[in-house]
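Novice: quick one, fold the following:
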Amino acid sequence: MLGEKALAFLTFPQVFSSVPRPAYALAIVCPWGVILRESSLHCIMGGYSVLLAGRLGRWAHHASCAVALLGGGRQVIIQSHRRVALDLRIGIISDVHGNYVALRTVLEHMGDIDSLWCLGDLVGYGPQPNECIDLVRQYPHLCIPGNHDWGMLGRLDAESFNYEARTVLEWTRKNLTSSNLSYMEGLPVTMKAFGQCFTLVHASPRDPMWEYLLDLFDAAECFPLFRSRYCFVGHTHVPLIFRDMSGVVKAALPEPGELIKLNVWPKMETTDDDGGPRMIINPGSVGQPRDGDPRAAFMVLDVPENATIADWDWTANLVFGRVEYQIGETQDIMRSLGFPSKLVSRLDLGL
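Specialist: Residues are numbered from 1 along each chain as shown. Presented below is the predicted three-dimensional model:
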């Protein structure tokens, strides 16, 4: 389903170019998984996985794409091209936990992004779950659920959560809007992006909801369980990168501003090439960091303009970031709602 504003759907191959400015959104579904701009498009077309990305004015062209025209009825002129040129900037977040002040600050700090990938736990612990979900839904995005999301939906035993967490989940369930509740109920457990290049899962490929990937042994056992070159996870609230090079697994804590090179060829799902190490990547937590640093954590994936299908040159840059936010603003709201004091105080400590 392409949304209420979808005016037409053209099956491939079709010919297409640009929308007259002020431009409306153009959504493109391709075998290699790229969509150009429209919020909350979660689609699987003909078995092709979908990445939501692309600012208006940045065009992707390919001879075998399906196109949905979205917006106010503007006429679209269509032309075909062999070459696909991309210039994408994708924000990657996890474990927002109802902390709207932190999420808002992170997105402001990221600046202009084409797409947002959320690795689960939009709700739980924090006092503004509706605001967080509403904000994420404003972006072209991919989102999967975490254990707190499922706990709120009643898909996990409430006794699996400690008292403080369970208290907030019960409050969240009562206060979530019907629209946001339906949205959360529809999230898939895992997703693929850029064809088979990226797997998105909340906790781990072995246990999508509960496993905490913090040591080399567990990470080594998880690498055979997914075929993508890269797997993004959250859940631990700790930024961490595991690299598997020919069966040797190493771990590293990313530093703010650190740049990591990725090979994002869309069909990359095996290691029978020189594409570099496979990785399990955790961007840390936006809303409740637990690595002793209270600043909100996130990552940004830049696929440069010279990344093209024609040349198979798909080197991208992944950057880890931290940003301070007004912790006291979130804490004041938590106190006013009578949230457990332990959840309020831990935000100061990053624990």
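
Novice: so where do the helices sit in the stretch 101-250 of the chain?
Specialist: Counting by DSSP state H, counting those that start in this stretch, the segments of the stretch 101-250 of the chain that form helices are 129-137, 147-153, 163-175, 178-185, 216-222.

Novice: may I see the buried residues of the fourth one?
Specialist: Going by neighbour count (16 or more other C-beta atoms under 10 Å), the buried part of helix 178-185 is 180-181, 183-184. Every C-beta, even on glycine, is put in place using the N, C-alpha and C of the backbone.

Novice: equivalent analysis for the first one, please.
Specialist: Of the residues in helix 129-137, those buried by neighbour count under the rule 16+ other C-beta under 10 Å are 129-133, 135-136.

Novice: stretch 205-217 too?
Specialist: For stretch 205-217, burial by neighbour count (16+ other C-beta under 10 Å) applies to 205, 207-209, 211, 213.

Novice: now Leu301. Its backbone dihedrals?
Specialist: Main-chain dihedrals, Leu301, degrees, to the nearest 10: phi -100, psi 120.

Novice: for it, give me the pLDDT.
Specialist: The model reports Leu301 with a pLDDT of 96.

Novice: nearest residue to it other than its sequence neighbours?
Specialist: Ile90 (4.3 Å; C-beta to C-beta, 6 or more residues apart in numbering).

Novice: what helix or strand is that neighbour on?
Specialist: strand 85-93 (DSSP states H and E).

Novice: residues near Ser246, how many?
Specialist: Using other C-beta atoms under 10 Å, Ser246 has 7 neighbouring residues.

Novice: right, I mislabeled it, should have said Arg155
Specialist: Arg155, neighbours per other C-beta under 10 Å, totals 12.

Novice: measure it to Glu185 for me?
Specialist: Distance, Arg155 to Glu185, by C-beta to C-beta, to the nearest Å: 9 Å.

Novice: circling back to that earlier point, direction included, what does the strand holding Ile90 pair up with?
Specialist: Here strand 85-93 is paired, per DSSP bridges, with strand 115-118 (parallel), strand 296-308 (antiparallel).

Novice: point out the most buried one among these.
Specialist: Neighbour counts (mean count of other C-beta atoms under 10 Å) averaged over each of the strands paired with strand 85-93 peak at strand 115-118, with a mean of 26.

Novice: ok, back up a step: any idea which of the strands paired with strand 85-93 scores lowest on pLDDT?
Specialist: strand 296-308 (a mean of 82).

Novice: average pLDDT across the next helix or strand after that one?
Specialist: Using DSSP H and E, the helix or strand that directly follows strand 296-308 along the chain is strand 315-323. Strand 315-323 comes out with an average pLDDT of 94.

Novice: report all helices and strands that strand 315-323 contacts.
Specialist: Where contact means 3 or more C-beta pairs under 8 Å, 6 or more residues apart in numbering; DSSP states H and E, strand 315-323 is packed against helix 100-110, strand 259-263, strand 296-308.

Novice: which parts of the shortest one are buried?
Specialist: Burial within strand 259-263, assessed by neighbour count using 16+ other C-beta under 10 Å, is assigned to 260, 262-263.

Novice: a markdown table for those residues, including pLDDT?
Specialist: What follows is those, written out as a markdown table (pLDDT from 0 to 100):
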| residue | pLDDT |
| --- | --- |
| Ile260 | 93 |
| Leu262 | 92 |
| Asn263 | 87 |
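
Novice: distance of Asp218 from Glu324?
Specialist: Counting by C-beta to C-beta - Asp218 and Glu324 are separated by 31 Å.

Novice: surely the residue nearest to Leu301 meets Leu116?
Specialist: Yes. Ile90 is within contact range of Leu116, at 7.3 Å (criterion: C-beta atoms under 8 Å).

Novice: what about the spatially closest residue to Gln288 that is not a sequence neighbour, which SS state?
Specialist: Of all residues not flanking Gln288 in the chain, His97 sits nearest, at 5.0 Å (C-beta to C-beta, 6+ apart). Look at His97: counting by DSSP: H, G, I helix; E, B strand; the rest coil, its state is coil.
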